[in-house]
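Engineer: model this:
(chains A and B, ligands or ions: 2)
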Amino acid sequence: MTLVVAHTRRSYRSYAAPMVGLGSFIAFVLLVEVLIRIGALNRFIIPAPSEIIASFGRLFLEENIVQRFIFTAAECIAAGVMVTVCGVTIGVVMQRFSLLQRACETWVAAFASAPLVLAYPLFMVIFGRNAWTIIMMGFFSALPPVILKTIEGISGTRKVLVNVGRSFNLTGTQQFWKILFPAALPTIFVGVRLGLIFALINIVGTEFLINFGGLGQLINDLAERYDLAGTYAAICFVILVSVLFFIVLEKAERWLRPVD
Amino acid sequence: MALAQASADAILVADDIFVQFNTPEGPITAVDNVSFKVRPSEFFSVIGPSGCGKSTLFNVIGGLLGQHQGVVSVGGETISGPHKSIGMVFQEESTFPWRTVVDNVAFPLELVGMPKGKRAERARHFIRMVGLDGFENRYPGELSGGMRQRVSLARTLASEPKILLMDEPFAALDEQTRLLLGDKVLQIQQQLKQTTLLITHNITEAVQMSDRILVMTYRPGKVKRIVDIDLPRPRTSEIVSSEAFGRYVAQIWNDLREEANRGMRDEEKHMLNQDERTA
Ligand SMILES: Nc1ncnc2c1ncn2[C@@H]1O[C@H](COP(=O)(O)OP(=O)(O)OP(=O)(O)O)[C@@H](O)[C@H]1O
Ligand SMILES: [Mg+2]
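Structural biologist: Ligands and ions are numbered 1, 2, ... in the order given. Alright, predicted model coming up:
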């Protein structure tokens, strides 16, 4: 009996927070709707939520949002694969040669906080107005966290684990693949997750700026047509997709880290 | 006579080990003039107060510490780095969190290129030996501290070392677990006739398990005495209540008390000095 009570109480608690979150979101949307209807907010600046919801259908039927989504997703995957391979390799090499690490770590960290998106004209000149400019923008913005987290993960390997490897007479290569790398993997994955978030933001942003490609260009198009409801609906779509993407990544991370 | 015989068939010899660390407060002599010999199948313990240099000695014998003077030899061969005849169990938790229990224990077998099926079977044998059957496919994160320490022990045993070298493997565990694990280790040691060098600061543990105990002094860590423990085998934790056992414990505690006292005073002084400096 008490067990049942305890159980329901716990599940009540675990649902309470998301419920309150969702509830306040819905309340906010309703408030905006009401304010627009009574004319307190200008509907030519902020379209009514009901109009935004109504335009979703249009995005699928008239604007090929699914194809555009696939285009953007492909750019993200390309940038993600490149950044994982290059970022981890650079991180490992930097960690191995401490001179390189001491020389470059600050630069990489500074690079991480630079507004890279402003450099898009340079990328256009180098790669042209095509998907490569977009992918490279995503790639470079995602690189710093992957490098920094790789260094952190490998340097942070517990000394006793390294000593276990030494006591078993591991070679340098074995020491890396059997101990340092697996020990660093959870931290590296945090870097990759951060990197992918940066890549996604920069990819959609660049698409918007150079008016080329997938979801970013769609937002640009709709805004230029002054289709405000459509623009907001497309933005909501991007937000929804990113939230879903991050949830999946977080789940994957937990699955990768079965213990601690 | 006894010594000559001991040196003739000693499997592990430490000769005049000396280790000094350079610290910001000047050099610290952690181990000074430590010599001893371990015979095959012998259970040899090193006991001393906290901070007396036991782990340092452990690292020297394991070949992990380069900066020492003196010679360690295994079967007559001077070691210069980790030796394959020595298997180490560390003071800190040292299982691989990304491997299951069976993969942890199979680690040394994987290194020598044993095929997968065979090494899983071998690993299971050692997992049974430490009493962890049923937990083969768990990850260390799902186990208690005592179980993880047993995984580390099984992993080291799986490499079938001639000499098992352990640094306070049960120090972080509660008293009951420690006693039961002590029984387990004794049982395994007798079953495998395993030459064992145990480092500990626990007197009962040392007397319960050892053939001989080396008592270390505090700063510098020197040999205070080597005590022969003449108690019948096989032993279990029940021996703890016998009269002879009590005499040995009292004798070693007598030796250690001075050292532990000196250690505590030293640490207090050190802390006071630091306070003065920061004030
Ligand atoms: N790498 C090091 N650099 C400087 N000093 C060290 C180093 N390693 C150990 N020491 C010092 O040497 C002394 C002996 O340390 P050690 O770890 O061997 O002691 P211990 O007997 O194992 O202690 P415990 O029982 O707490 O594990 C200590 O005073 C410690 O501060
Ligand atoms: Mg120690």
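Engineer: isn't B:L186 right next to B:V207, touching?
Structural biologist: No - the criterion here is CB atoms under 8 Å, and B:L186 misses it with B:V207 at 11.9 Å. Heads up, the C-betas are built off the backbone N, CA and C, glycines and all.
Engineer: pLDDT wise, what is the residue nearest to B:K193 when sequence neighbours are not counted at?
Structural biologist: Once flanking residues are discounted, B:K193 sits nearest to B:S41: 4.5 Å by CB to CB, 6 or more residues apart in numbering or on different chains. According to the prediction, B:S41 has pLDDT 91.
Engineer: Return the distance of B:S41 relative to A:I134.
Structural biologist: Shown here: B:S41 relative to A:I134, a distance of 70 Å by CB to CB, to the nearest Å.
Engineer: When these two are compared, which one has more neighbours?
Structural biologist: Higher neighbour count among B:S41 and A:I134: A:I134, with 34 against 14, using other CB atoms under 10 Å in any protein chain shown.
Engineer: The more buried one: what's it in contact with?
Structural biologist: A:E75, A:I203, A:T206, A:E207, A:I210, A:F212, A:G213 (CB atoms under 8 Å, 6 or more residues apart in numbering or on different chains).
Engineer: Point me to the residue of the stretch 1-150 of chain B nearest chain A.
Structural biologist: Going by CB to the nearest CB, chain A is nearest to B:G141 of the stretch 1-150 of chain B, at 2.7 Å.
Engineer: Just want the phi and psi numbers for the residue in the stretch 101-250 of chain A that ligand 1 sits nearest to.
Structural biologist: As assessed by CB to the nearest ligand atom, ligand 1 sits closest to A:K159 within the stretch 101-250 of chain A, at 10.4 Å. Main-chain torsions, A:K159, degrees, to the nearest 10: phi -60, psi -40.
Engineer: what about it, neighbour count?
Structural biologist: What A:K159 shows, counting by other CB under 10 Å, is a neighbour count of 10.
Engineer: Could I get the pLDDT score of the closest residue to A:A48 other than its chain neighbours?
Structural biologist: Nearest in space to A:A48, with sequence neighbours left out and distances taken as CB to CB, 6+ apart, is A:I36 at 4.7 Å. What the model reports as pLDDT for A:I36 is 87.
Engineer: Mind telling me what element A:I36 is part of?
Structural biologist: In the assignment (DSSP states H and E), A:I36 maps to helix A:2-37.
Engineer: And the next helix or strand past that helix?
Structural biologist: Next helix or strand after helix A:2-37 toward the C-terminus (DSSP H and E): helix A:49-61.
Engineer: so where is the chain shaky, pLDDT-wise?
Structural biologist: In the absence of a named chain, chain A is used. A:1-12, A:257-260 (pLDDT under 70).
Engineer: Not quite, go with chain B.
Structural biologist: Applying pLDDT under 70 to chain B flags the ranges B:1-8, B:277-279.
Engineer: And the helix of greatest length in it, what does it pack against?
Structural biologist: Scanning chain B for the helix with the most residues, using DSSP state H, yields helix B:243-278. Where contact means 3 or more CB pairs under 8 Å, 6 or more residues apart in numbering or on different chains; DSSP states H and E, helix B:243-278 is packed against helix B:203-209, strand B:212-216, strand B:223-228.
Engineer: got the contact list for the longest one?
Structural biologist: With contact meaning CB under 8 Å, 6+ apart, helix B:203-209 is reached by B:43, B:45, B:47, B:170, B:178, B:182, B:185-186, B:189, B:198, B:200, B:213, B:229, B:231, B:235, B:237, B:239-240, B:245, B:248-249, B:252-253, B:256.
Engineer: So which bits of the stretch 51-200 of chain B are right by chain A?
Structural biologist: B:62-64, B:82, B:84, B:86-88, B:90, B:92-94, B:96-99, B:107-108, B:111, B:139-142, B:159 (CB under 8 Å from any CB of the partner chain).
Engineer: isn't A:L148 right up against A:A112?
Structural biologist: Yes - using CB under 8 Å, A:L148 is in contact with A:A112, at 6.9 Å.
Engineer: quick one: which of the two has more around it?
Structural biologist: A:L148 (22 against 18).
Engineer: Could I get the contacting residues of that one?
Structural biologist: A:G91, A:E105, A:V108, A:A109, A:A112, A:G191.
Engineer: What's the PyMOL syntax to select whichever of those are buried?
Structural biologist: Buried members of the contacts of A:L148, defined by 16 or more other CB atoms under 10 Å in any protein chain shown, are picked up in PyMOL with:
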select buried, chain A and resi 91+108+112+191
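Engineer: all helices of the stretch 1-150 of chain B, in order?
Structural biologist: B:2-9, B:54-61, B:101-105, B:107-111, B:116-129, B:145-158 (DSSP state H, counting those that start in this stretch).
Engineer: and B:K269, which of the ones you listed is closest to it?
Structural biologist: Comparing those by their distance to B:K269 (CB to CB), the top pick is helix B:54-61, with 21.2 Å.
Engineer: gap between the two ends of stretch B:211-222?
Structural biologist: 20 Å (CA to CA, to the nearest Å).
Engineer: So is it next to ligand 1?
Structural biologist: No - on the criterion CB under 6 Å from any ligand atom, stretch B:211-222 is out of touch with ligand 1, staying 6.8 Å away.
Engineer: Other residues contacting that stretch?
Structural biologist: So stretch B:211-222 is in contact with B:28-34, B:36, B:42-49, B:51-54, B:56-57, B:206-207, B:223-229, B:252, B:255-256, B:259-260, B:262-263, B:266, going by CB under 8 Å, 6+ apart.
Engineer: could you redo the last one with a cut-off of 7 Å?
Structural biologist: B:29-34, B:36, B:42-49, B:52-54, B:206, B:223-229, B:252, B:255-256, B:259, B:262-263, B:266 (CB atoms under 7 Å, 6 or more residues apart in numbering or on different chains).
Engineer: What residues does the stretch 1-150 of chain B have near ligand 1?
Structural biologist: So the stretch 1-150 of chain B meets ligand 1 at B:21, B:23, B:28, B:30, B:48, B:50-56, B:91 (CB under 6 Å from any ligand atom).
Engineer: Relative to chain B, how far out is A:P186?
Structural biologist: Noted for A:P186: a distance of 8 Å to chain B, by CB to the nearest CB, to the nearest Å.
Engineer: Determine the number of other residues adjacent to that residue.
Structural biologist: Neighbours of A:P186 (other CB under 10 Å): 19.
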